[in-house]
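Student: need the 3D shape of this:
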Amino acid sequence: MPWARTLDPRISTDASRTVVAGQSLGALTALLTALRHPEQVGSVISQSASLWLIDLTDEEASLSPRADSATVNGRAYCEVGTNEWVLTPLHRQVMPQLRSFWDEFTYVEYDGGHDDVCWRGTIADGLQAVLGTG
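Tutor: Purely as a prediction, here's the structure:
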C-alpha cells in the first residue's frame, strides 16, 4: 500500500476505506494481504481463492492474522462455485476460521465454476457486502 500511494496519493491511508479484491490466485493474495496487514486493509473480496496453494495444516502458512493481531476487523466477502471440485471443500474447511477474524463476514457458494463469467456477476455482491450498501 505505501508503494501504491507513491503512484496515486489519493489512495486512502485509512484501512476502513481500503478494499482489496481478487479472483483465484488474486483472491488468495487479497485474503493474505488483509490478514497480514489489517492496519492497511479494512475489507476483502475473495472470489474462488486458490486455497490449494497453501498448507492449511501449517500454522505459520495458514490463513490467520498476523501474530500480534487476534482479529482483523473490517469486512470480508468470500465466495466459491459449487462446480469448483477442488476449491469448494477447501473453502468449506476454512470459512469457520476466517469468519472469526472479521467483524462482518459473508460466505457464498454459487452455482458455477472457476471463471470470470461467474465472478463478474458477483463482484457487485462482494462490493455491497464489504461497503455496507447491500
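Student: buried set for the lengthiest helix in the chain?
Tutor: Secondary structure of the chain per DSSP state H: the longest helix is helix 116-131. Buried residues in helix 116-131, counted by 16 or more other Cβ atoms under 10 Å: 118-119, 122-123, 125-127, 129-130. In this view, the C-beta of every residue, glycine as well, is placed from N, C-alpha and C.
Student: wait, is residue 79 part of a strand?
Tutor: Yes - assessed with DSSP: H, G, I helix; E, B strand; the rest coil, residue 79 lies in a strand.
Student: quick check: it touching residue 111?
Tutor: No - using Cβ atoms under 8 Å, residue 79 is not in contact with residue 111, being 11.5 Å away.
Student: all strands for this protein, in order.
Tutor: Taking DSSP state E, the strands of the chain run over residues 19-23, 43-47, 75-81, 104-110.
Student: so how far is residue 27 from residue 112?
Tutor: 15 Å (Cβ to Cβ, to the nearest Å).
Student: typed the wrong thing, it's residue 64
Tutor: Where residue 27 is concerned, residue 64 sits at a distance of 17 Å (Cβ to Cβ).
Student: ok, back up a step: more neighbours, residue 112 and residue 27?
Tutor: Ranked by neighbour count (other Cβ atoms under 10 Å), residue 112 and residue 27 place residue 27 first, with 25 against 18.
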